[in-house]
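# No sequence on hand, only this structure:
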């Protein structure tokens, strides 16, 4: 049947009231000849009831069809929006309204070039429509075309000067062109209005790119005042908090993001990783189980569940969970390497060789190679092959250092500035002005700080708060980080830091009179702590330098703040720096600063525990310690102590020949005070 014949038949059906039959014929014609005006008018009449002559003169669709498109856009139903908007665009080719929504739907469904073509078509109809130029800028930014995005944003600003959305789009394009200073200048002072939401988001992203994490966090919090449940902003905030290694806060932000966008797969998996980093292993397991129950594709998270079970002390359940995943997908190199975490001796030699080959494959990503080398270190260390163990540990650390080099020179400059500025002349009062009183357990990582905290937390008067980042964050607000020297301490700065720290403690709702704050890296700020926090006690934990150095070198910490353990030389310098700071603080703060020897504690636990309790300003709980069922609650932390001879000071018996770089500069342990 010819096209003319089909048109005549469709017209007859339409007049006879057979709208469905007429619609089918008109659509058939338009599928072959999209520009056929008669078919467009007929289809409009068949679907809307508008007379064909009226349809020929109408620019925009009737109200019911327009409302339908708007509702689809507002609900995020982009696939049906694309389909229906495309149909209406054929019927109303001059409707900028329809073309705008069609471009929106095309971009959302991944058809970026089609969306741009639709926008250009709309722009020929409305050349001074700033909104069309802004849409093009956003699409070009999303498609990774910053030059085109910049031109579109500038065109929008010509049509609409000062448009905050266009400024945000321009700043984003400049950032993608690595013109970050220009981008930051554009968003230097966003107004505190909802219209400036995107400016705050872009500003946060720029600060994050510049590694100004605290500024980025403040920007995202400002954005949240205008959009409190915006999942993308919450996700950004979680990411920046994680980069600061504030994992507990990051997990809270990610939970809020997921509550605002339930079921979002990427955020769900990010939350699992963040919960694990925050040591919320039970919560991570619960989330994984819930995700797997909803969607079997989330079984990819079973290895993370195995890690959580292992960290909670259930090695058998960890192995069983990982083996379930292996049974499903086969024993890959990555899963075999993961299994070495739980059973370092148990591996087939052929698979071990495959893992070694993968670890040395240059085309494999650095992160994966680091993971494989670390797994092989655990295997060869457990089986006594120290040469191969050390090679793989060194390779893992070299990859980590290449990705995230540690600026030891900067850290030493910070420590030197501290020792110049903080001399005990403005020590805080020894009596606390509020409760709880704080005991800070500080020292290098792997020096025994966790054990000391566990011992104190067993005391009936003590709340063990774990690793609180609040003091470190308060110092960062004043310009002090492990790389940066901030302002000298004065009364106003002391009050700001103390206020921030008090507010953070209040969030824990602690009822005990004493709280233990154990964040190892705070050893840098021990002098500030004793100058600012009334009643604070610092327990400075020290361990045999060779033992603590070896333990850091093979630790593979989450985050980057302890990356001085990537190299022997930096590790030796960190140990020496820690010793110099300890000597300085001991001389400057004779009343609040107390050295605790991990080695003395493990050699004579009873005396060591009594010393820790006394230095923390706590009474010895004789009544409880005399009861068998409560056998010295202060000793319970020792239940987790593991100190095989070759893991502590005697580690040099196995690997001493390898620990040469910087070994001679290691200090002798100080005498416990």
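Ah, there it is. Just so it is clear, the structure is predicted and the values come from calculations on it, not from any experiment.
# Enumerate the positions of stretch 182-200 that are buried.
Neighbour counts over stretch 182-200 (16 or more other Cβ atoms under 10 Å) mark 183-184, 186-187, 190, 196-200 as buried. Heads up, the C-betas are built off the backbone N, CA and C, glycines and all.
# was I right about residue 308 contacting residue 286?
No - with contact defined as Cβ atoms under 8 Å, residue 308 does not reach residue 286; the gap is 9.7 Å.
# Have a look at these two and say which one is more surrounded.
With other Cβ atoms under 10 Å as the criterion, residue 308 and residue 286 differ in neighbour count, and residue 308 comes out ahead with 25 against 13.
# Please name the nearest non-neighbouring residue to the more buried one.
For residue 308, ignoring the flanking residues on the chain, the nearest one in space by Cβ to Cβ, 6 or more residues apart in numbering is residue 281 at 3.9 Å.
# Pretty sure residue 304 is one of the things that neighbour touches, is it not?
No - in this structure, residue 281 is not within contact of residue 304 by Cβ under 8 Å, at 9.8 Å.
# What is the burial count for residue 600?
What residue 600 shows, counting by other Cβ under 10 Å, is a neighbour count of 17.
# How far does the helix or strand harbouring it sit from its chain's centre?
Taking DSSP states H and E as the criterion, the element that holds residue 600 is helix 598-603. Relative to the centre of its chain, helix 598-603 is centred 37 Å away, using Cα atoms, centre = their mean, to the nearest Å.
# Can you name the next helix or strand after it?
Stepping forward along the backbone from helix 598-603, the first helix or strand reached (DSSP H and E) is helix 605-615.
# quick one: average confidence on that next one?
Computed over helix 605-615, the mean pLDDT rounds to 93.
# where do the strands sit along the stretch 551-673 of the chain?
Secondary structure of the stretch 551-673 of the chain by DSSP state E, counting those that start in this stretch: the strands cover 593-597.
# list the helices and strands the helix ranked longest in the chain packs on?
In the chain, with assignment by DSSP state H, the single longest helix is helix 568-588. Under the contact criterion of 3 or more Cβ pairs under 8 Å, 6 or more residues apart in numbering; DSSP states H and E, helix 568-588 touches helix 408-421, helix 526-532, strand 537-542, helix 545-553, strand 593-597.
# which of the residues in that helix are buried?
Neighbour-count burial for helix 568-588 flags 568, 570-579, 581-582, 584-586, 588 (criterion: 16+ other Cβ under 10 Å).
# now that helix, how far from the chain's geometric center?
Taking Cα atoms, centre = their mean, the mean C-alpha location of helix 568-588 is offset from the chain mean by 30 Å.
# ok, now which ones touch the nearest residue to residue 143 once chain neighbours are set aside?
Of all residues not flanking residue 143 in the chain, residue 112 sits nearest, at 4.5 Å (Cβ to Cβ, 6+ apart). Residue 112 makes contacts with 106, 139, 142-143, as judged by Cβ atoms under 8 Å, 6 or more residues apart in numbering.
# mind listing which of these are in helices?
With helices taken from DSSP H, the overlap with the contacts of residue 112 comprises 106, 139, 142.
# what's the closest of those to residue 354?
The shortest approach to residue 354 among the ones in helices among the contacts of residue 112 belongs to residue 142, at 39.8 Å (Cβ to Cβ).
# hmm, back to that, among the ones in helices among the contacts of residue 112, name the buried ones.
By neighbour count, with 16+ other Cβ under 10 Å, these hold 106, 139 as buried.
# got TSV for the ones in helices among the contacts of residue 112, with pLDDT and distance to residue 233 too?
Below are the ones in helices among the contacts of residue 112 laid out as TSV (pLDDT from 0 to 100; distance: Cβ to Cβ, whole Å):
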residue	pLDDT	distance to residue 233
106	94	25
139	94	21
142	91	17
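# Can you convert the helices and strands packed on helix 568-588 into JSON lines and add a column each for mean pLDDT?
Formatted as JSON lines, these follow (pLDDT from 0 to 100):
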{"stretch": "helix 408-421", "mean pLDDT": "96"}
{"stretch": "helix 526-532", "mean pLDDT": "96"}
{"stretch": "strand 537-542", "mean pLDDT": "97"}
{"stretch": "helix 545-553", "mean pLDDT": "92"}
{"stretch": "strand 593-597", "mean pLDDT": "97"}
